[in-house]
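A.B. asks: with the sequence up front, the predicted model follows.
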Amino acid sequence: MRRSSYSGLAALAAVFIAVCCWGSENPAGRWIVKFKTEKSAANHPSSPTQVIQGLQLELATNLATMRSQGSTLKQPEPLWVANAVAITASAEEIKKLATLPNIECVYPVRYRRWLNEDHAQDVSATANTVQWSIKKVRAPEVWDKFKIDGSGVVVGHIDSGVDTHHPLLAGKVLAFKDFTPHPSTQLTDEEGHGTHTAGTICGLGGVGIAPGAKLIVGKVFDADGSADDETVLRAMQWIMDPDGNPATNDFPRVVSNSWGDTPEDETATDARVLNQAVQNWVAMGMIPVFSAGNDGPSGHVGRPACFPSAWAVGATDSSDRLSSFSSIGPSRWNGVSYVKPDVSAPGSGVISCKAGSTGLVSMDGTSMACPHAAGLVALMLQANPKLTFDEVRKKAEATVIDLGNPGKDNKFGSGRIDCFACLSAIAPQTPLANLVEGYKAALETEAALTGGIGPVSPLAAPMAHYLVEKAGSLDEGEFSALRNRYSGDIRVKDLLNQMTATRNFDSLHK
């Protein structure tokens, strides 16, 4: 994350402008206070645990400094995801806070719409039919040839919730939290947007790209598709550490975000806070996938999709034409112009799960394109759990169907994603040891999110089946080396025994 280029005078001016514009409307309302960042998690790679603990310590230090200078924090909500805090304060109190040397900016919490108004139309479809968009990106060919369907991979999903009663989403949610003003202990989706996007990620019956993947769901947006800034940041923070214990491996490697706001000046205070949150996701090893926005050729890619660290997804139709609503680039950040979106995926007339029913619905939007790309990442991470964000971007963008102008452009990005071409460049070259490491990570995630490994293993067991089959292709020397490498690791003892038994059985019946 970058250091702010604001001087103290400029920051103070920004706060005064915010106070003038909002103070009369909300004299004792909620404000986001962002502190100056002295150490960037993004620039100092470390383990996920160290990233979270470092962010928490930095915020705690800033809050202590703030209190030591006489500031009283009313109803503070720590937002270490962005080195910030949400507080209740009057306009006069905010003016005083602006004089503190460790504060970068302050802005009022706003309630606004984050979900695009996507056109929806009910459809009748034959059960267990692979939908056109799934075929278009060649996901079924990945399932058939490589036996890869996203098993063992957890995808983060920040949206309007998920209707878990839909039969095509049964058993898909490992953990969830409801951030809406009236949270429920049961996961629901009054808006319908989240159920549709979740279906495209991992729905069964031919609606999902990665039907073997599981979800961690942050329900953020209400029935109007809206939320306030504080709620969005709280959800972005929670998804980094769902169980609240930095020492556990429970965060999703990829997060699907079919939401955003109209881009504003790159110096806007709330944009800088969102950007820092996205950068901290990346520092954790998380892959942030965002919908580009529905402002069409007259608009520009929205935020957070416009940030350099976000993987932005534009929309195409069934004929590989750019969807009329898909926002275009370039995007500008910190004085630099970037080509956006990064890739494209089907977004017009996408068929997926309908909330409140057992049926399907067709919807339009870059919101529908985003989960296609997130599903592709899930397939990639099953094929090679050791892939970094940079490697995911490079491999996915190198295997697209190039549309529009040759090379990466501001309409289609690098091109429309092609799951089969991408996995063909990954799966055959991945050492089995990488997959064993992914299996161990799946066990850790399962233990953190479900309270321990029980008799039914929803995350690791399907990955074990895939690994046992892969082990059958190794020669004796390769398999012996694998067994020797993990002989002392109790976590994979059962897996190695399954591999050995299967290989012995196959050898006897040849």
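C.D. replies: Okay, I see it. Residues are numbered from 1 along each chain as shown.

A.B. asks: in the stretch 201-350 of the chain, what residue spans correspond to strands?
C.D. replies: 214-219, 226-228, 254-257, 287-291, 311-316, 331-333, 336-338, 343-346, 350-353 (DSSP state E, counting those that start in this stretch).

A.B. asks: helices or strands up against the last one?
C.D. replies: I take that to be strand 350-353. The contact analysis (3 or more CB pairs under 8 Å, 6 or more residues apart in numbering; DSSP states H and E) places strand 350-353 against helix 132-136, helix 193-202, strand 360-363, helix 366-383. C-beta: built from backbone N, CA, C; applies to glycine.

A.B. asks: mind giving me the packing neighbours of the third one?
C.D. replies: If I follow you right, that is strand 360-363. Strand 360-363 is packed against strand 120-123, strand 350-353, with contacts defined by 3+ CB pairs under 8 Å, 6+ apart.

A.B. asks: kindly recompute the last result at 10 Å.
C.D. replies: Where contact means 3 or more CB pairs under 10 Å, 6 or more residues apart in numbering; DSSP states H and E, strand 360-363 is packed against strand 120-123, helix 193-202, strand 350-353.

A.B. asks: what's the average pLDDT for it?
C.D. replies: Here strand 360-363 scores 96 as its mean pLDDT.

A.B. asks: related to what we said a few turns ago, so can I have a markdown table of the strands of the stretch 201-350 of the chain showing mean pLDDT and distance to Ala433?
C.D. replies: Listed next are the strands of the stretch 201-350 of the chain as a markdown table, based on pLDDT from 0 to 100; distance: least, CB to CB, whole Å:
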| stretch | mean pLDDT | distance to Ala433 |
| --- | --- | --- |
| strand 214-219 | 98 | 23 |
| strand 226-228 | 97 | 42 |
| strand 254-257 | 98 | 22 |
| strand 287-291 | 98 | 22 |
| strand 311-316 | 98 | 27 |
| strand 331-333 | 91 | 38 |
| strand 336-338 | 94 | 36 |
| strand 343-346 | 98 | 29 |
| strand 350-353 | 96 | 36 |
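
A.B. asks: and of those, who's closest to Trp114?
C.D. replies: Nearest to Trp114 among these is strand 226-228; the distance by CB to CB comes to 6.0 Å.

A.B. asks: show me what that closest one is in contact with.
C.D. replies: Contact with strand 226-228 is made by 30, 32, 86, 108-115, 158, 160, 179-181, 191, 219-221, 234-235, 259, as judged by CB atoms under 10 Å, 6 or more residues apart in numbering.

A.B. asks: in strands, which of those residues fall?
C.D. replies: Here DSSP state E is the test, and those give 30, 32, 86, 108, 111-113, 158, 219 as lying in strands.

A.B. asks: ok but Lys95 is inside a helix, no?
C.D. replies: Yes: counting by DSSP: H, G, I helix; E, B strand; the rest coil, Lys95 is located in a helix.

A.B. asks: how close does it get to Ile103?
C.D. replies: For Lys95, the distance to Ile103 (CB to CB, to the nearest Å) stands at 12 Å.

A.B. asks: the two: who's more crowded?
C.D. replies: Comparing Lys95 with Ile103 by other CB atoms under 10 Å, the one with more neighbours is Ile103, at 22 against 16.

A.B. asks: bridged to the more buried one, which residues?
C.D. replies: On DSSP bridges, the residues paired with Ile103 through beta bridges are Phe35.

A.B. asks: please apply the same query to Ala84.
C.D. replies: Taking DSSP bridges, one finds Lys34, Leu79 as the beta-bridge partners of Ala84.

A.B. asks: so it makes contact with Leu233?
C.D. replies: Yes: counting by CB atoms under 10 Å, Leu233 is a contact partner of Ala84 at 7.1 Å.

A.B. asks: just the buried members of the ones in strands among the contacts of strand 226-228?
C.D. replies: Applying 16 or more other CB atoms under 10 Å to the ones in strands among the contacts of strand 226-228, the neighbour count classes 30, 32, 86, 108, 158, 219 as buried.

A.B. asks: the last one touches Pro183, doesn't it?
C.D. replies: Going back to what we said before, that points to Lys219. Yes: between Lys219 and Pro183 there is a contact under CB under 10 Å: 7.9 Å.

A.B. asks: ok, back up a step: got the helices and strands packed on strand 350-353 as JSON lines, with distance to Arg416 and mean neighbour count columns?
C.D. replies: Below are those laid out as JSON lines (distance: least, CB to CB, whole Å; neighbours: other CB atoms under 10 Å):
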{"stretch": "helix 132-136", "distance to Arg416": "8", "mean neighbour count": "20"}
{"stretch": "helix 193-202", "distance to Arg416": "15", "mean neighbour count": "32"}
{"stretch": "strand 360-363", "distance to Arg416": "18", "mean neighbour count": "22"}
{"stretch": "helix 366-383", "distance to Arg416": "9", "mean neighbour count": "31"}
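
A.B. asks: how about a markdown table for the ones you listed, with distance to Asn62 added?
C.D. replies: Formatted as a markdown table, those follow (distance: least, CB to CB, whole Å):
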| stretch | distance to Asn62 |
| --- | --- |
| helix 132-136 | 45 |
| helix 193-202 | 34 |
| strand 360-363 | 42 |
| helix 366-383 | 33 |
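
A.B. asks: tell me which of the ones you listed approaches Pro330 most closely.
C.D. replies: Of these, nearest to Pro330 by CB to CB is helix 366-383, at 16.5 Å.

A.B. asks: one step back: out of the helices and strands packed on strand 360-363, flag the one nearest Gly488.
C.D. replies: helix 193-202 (34.4 Å).

A.B. asks: how about low-confidence regions in this structure?
C.D. replies: In the predicted model, the chain carries pLDDT under 70 at residues 1-28, 39-45, 117-118, 125-127, 264-267, 452-456, 505-510.

A.B. asks: spatially central residue in it, please.
C.D. replies: Centroid-nearest residue in the chain: Val255, 1.2 Å away (criterion: CA atoms, centre = their mean).

A.B. asks: now that residue. Nearest residue, chain neighbours left out?
C.D. replies: For Val255, ignoring the flanking residues on the chain, the nearest one in space by CB to CB, 6 or more residues apart in numbering is Gly156 at 3.5 Å.

A.B. asks: that older thread, anything in contact with each of Lys219 and Pro183?
C.D. replies: Lys177.

A.B. asks: hang on, the earlier thing: which one among the ones in strands among the contacts of strand 226-228 gets closest to Cys419?
C.D. replies: Nearest to Cys419 among the ones in strands among the contacts of strand 226-228, with distances taken as CB to CB, is Ile158, at 22.9 Å.

A.B. asks: tell me the contacts of the closest one?
C.D. replies: Contact analysis of Ile158 by CB under 10 Å, 6+ apart lists 114, 179, 194, 197, 216-221, 227, 232, 235-236, 238-239, 255-259.

A.B. asks: ok, 8 Å please
C.D. replies: With contact taken as CB atoms under 8 Å, 6 or more residues apart in numbering, Ile158 is in contact with 217-218, 220, 235-236, 239, 255-257, 259.

A.B. asks: nearest to Gln69 among these?
C.D. replies: Met236 (28.3 Å).

A.B. asks: any idea how far Trp114 lies from Gly194?
C.D. replies: Relative to Gly194, Trp114 is positioned 12 Å away (CB to CB).

A.B. asks: what's the answer for Leu381, then?
C.D. replies: Distance, Leu381 to Gly194, by CB to CB: 22 Å.

A.B. asks: flag every buried residue along the helix or strand where Glu92 lies.
C.D. replies: Here Glu92 sits within helix 91-97, counting by DSSP states H and E. Buried residues in helix 91-97, defined by neighbour count with 16+ other CB under 10 Å: 91, 93-95, 97.
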